[in-house]
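Enquirer: sequence first, then the predicted structure, then my questions.
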Amino acid sequence: MAHFRCSTPRQREFPARKWRAVWPWILGNSIAGQTLGVSCMQKAFETTPTGIALPIIAMTPIVVIPFAWFFENEKPTRHSLAGALISVAGVIGLTLNR
């Protein structure tokens, strides 16, 4: 069984000034994702048929792939792109089947 070192103690250090710089991002993410996102999803379920609202909600990973590529320089894998294509095809199929 292989043993992996996570990091050295020096790599785990994160100066206080950097913590102060990221707190607005943490707060904004928690408000936007959990509060506004779930509230909008619940409102969509109230006003829109579930068959329309759920495919839109399920497309979230497709929206995240370009953002991760741009902001994090994380290139999408073949599996993630294949999943995105299947998801888009499913939404198109549901739309055309109406």
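Expert: Happy to help now that I have it.
Enquirer: so what's Leu94 closest to, chain neighbours aside?
Expert: Nearest non-adjacent residue to Leu94, counting by C-beta to C-beta, 6 or more residues apart in numbering: Pro55, 5.5 Å away. The way it works is simple: take the backbone N, C-alpha and C, and place the C-beta from them, glycine included.
Enquirer: what is the host helix or strand of the one you found packed up against?
Expert: Element membership of Pro55, judged by DSSP states H and E, is helix 50-58. Packed against helix 50-58 by the contact rule (3 or more C-beta pairs under 8 Å, 6 or more residues apart in numbering; DSSP states H and E) you find helix 37-47, helix 78-96.
Enquirer: how is this protein divided into domains?
Expert: 18-47, 49-98 (automatic domain parsing).
Enquirer: could these be laid out in CSV, adding mean neighbour count and mean pLDDT?
Expert: Shown next, in CSV, are the domains of the chain (neighbours: other C-beta atoms under 10 Å; pLDDT from 0 to 100):
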stretch, mean neighbour count, mean pLDDT
domain 18-47, 10, 87
domain 49-98, 12, 85
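Enquirer: contacting residues for Ile56?
Expert: Residues near Ile56 by C-beta atoms under 8 Å, 6 or more residues apart in numbering: Ala44, Val91.
Enquirer: so who does the closest residue to Gly83 other than its chain neighbours touch?
Expert: The spatially closest residue to Gly83, leaving aside those adjacent along the chain, is Pro61, at 7.2 Å (C-beta to C-beta, 6+ apart). By C-beta under 8 Å, 6+ apart, the residues touching Pro61 are Ser80, Gly83, Ala84, Ser87.
Enquirer: looking at it, the last one is touching Met59, isn't it?
Expert: In other words, Ser87. Yes - Ser87 lies in contact with Met59 (C-beta atoms under 8 Å); the separation is 6.2 Å.
Enquirer: what's the helix or strand for the residue positioned nearest the centre of the chain?
Expert: The chain has Val64 as the residue nearest its centroid, 5.0 Å off, counting by C-alpha atoms, centre = their mean. For Val64, the host element (DSSP H and E) is helix 60-72.
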